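Colleague: missing the sequence, but the structure's below:
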């Protein structure tokens, strides 16, 4: 739920939903988030990111050098899911991925040739009824998760993987149900600050003990169902202390933290390698 280019300087602050003049420095984001029914066109990922054929690929970790096959990483991108660090996209391409965007708000499901899914942050609570009505999207990510496809989601993406989302008006919307939890919007800000996250166990992006940095900014709270198994993704450290955060199960990984892949380069290569492995066993 925010925009940023780097982790230096001031903490990124979320754009206003009411402002049609907002121009994000992150590539590319729809300038107006006021209405899903009057949604502005979302510019596609440019060829320089969608395909690595026009740019040299330099290995970002010697043990995870990109192979010949470039797996397809489906990136959710529209007014509901609009926050992606440009560096993250570039590093995923550099690690060997081909990025293909899709729009849940336009009724699109997971691209059929996807080898992995990346659902970033944004404002899913503002379009929760539209998302809940897109059965192709929700059923697609359920099937992908059940099949072991690598699925990474953060903040807004994390919110749609749970069982339900309650918006600010108190309306409950059914979400994907992959994660045994419910998210509820509140008027007060729930979290704001830089984060250093350390993997509690081996997962999609990290091996146990490895660390990434990023930030957290959201107004929702997450409640897990009593008695349901939960495996935390990270130990998340901020100015207020440290606590376990997120969720990991198999090739599914989700958390509130917006991580910056440049803070630990092997993470991008690890994600892409998992997508390549999935493709090879399809």
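Modeller: Sure thing, it's come through. Not measured: the values here are computed from a predicted model.
Colleague: check which helices and strands the one helix or strand residue 181 maps to sits against.
Modeller: Following DSSP states H and E, one finds residue 181 within strand 179-185. Here strand 179-185 is seen to pack against helix 156-160, strand 162-166, strand 220-224 when contacts are counted using 3 or more CB pairs under 8 Å, 6 or more residues apart in numbering; DSSP states H and E. For the C-beta atoms, the positions are set from N, CA and C on the backbone; glycine is no exception.
Colleague: ok, the nearest residue to residue 163 once chain neighbours are set aside to residue 132 distance?
Modeller: Of all residues not flanking residue 163 in the chain, residue 177 sits nearest, at 4.7 Å (CB to CB, 6 or more residues apart in numbering). According to CB to CB, to the nearest Å, residue 177 stands 11 Å off from residue 132.
Colleague: neighbour count for those two, which is higher?
Modeller: More neighbours surround residue 132 than the other of residue 177 and residue 132, with 20 against 15 (other CB atoms under 10 Å).
Colleague: residue 211 is in contact with residue 205, isn't it?
Modeller: No - between residue 211 and residue 205 there is no contact under CB atoms under 8 Å: 10.7 Å.
Colleague: before we move on, back to that, tell me the SS of the residue nearest to residue 163?
Modeller: State at residue 177, reduced to three classes by DSSP: H, G, I helix; E, B strand; the rest coil: coil.
Colleague: and if you look at residue 142?
Modeller: Relying on three-state DSSP, one would call residue 142 helix.
Colleague: neighbours of it, how many?
Modeller: Residue 142 - counted by other CB under 10 Å - has 16 other residues nearby.
Colleague: my guess is it meets residue 179, correct?
Modeller: No - when contacts are counted by CB under 8 Å, residue 142 is not listed as touching residue 179 (11.1 Å).
Colleague: where does pLDDT dip in the chain?
Modeller: Residue ranges of the chain with pLDDT under 70: 1-67, 189-193, 215, 217-219, 238, 241.
Colleague: which helix is the longest one in it?
Modeller: As assigned by DSSP state H, the longest helix anywhere in the chain is helix 266-281.
Colleague: and that one, what does it pack against?
Modeller: Partner elements for helix 266-281 (3+ CB pairs under 8 Å, 6+ apart): strand 72-76, helix 86-94, strand 116-119.
Colleague: tilt between it and strand 72-76?
Modeller: Interaxial angle, helix 266-281 versus strand 72-76 (axes from the mean of the first three to the mean of the last three CA atoms, to 10 degrees): 120 degrees.
Colleague: now residue 270. Nearest residue, chain neighbours left out?
Modeller: Using CB to CB, 6+ apart, the closest residue to residue 270 is residue 205 (5.8 Å).
Colleague: contacts only, for the one you found.
Modeller: Shown in contact with residue 205 (CB atoms under 8 Å, 6 or more residues apart in numbering): 152, 199, 212, 253, 259, 267, 270, 271.
Colleague: measure the first one to residue 144 for me?
Modeller: The one in question is residue 152. Distance of residue 152 to residue 144, computed by CB to CB: 12 Å.
Colleague: between these two, what contacts are shared?
Modeller: Shared contacts of residue 152 and residue 144 (CB under 8 Å, 6+ apart): residue 117.
Colleague: of the helices and strands packed on helix 266-281, flag the one that's most buried.
Modeller: Neighbour counts (mean count of other CB atoms under 10 Å) averaged over each of those peak at strand 116-119, with a mean of 26.
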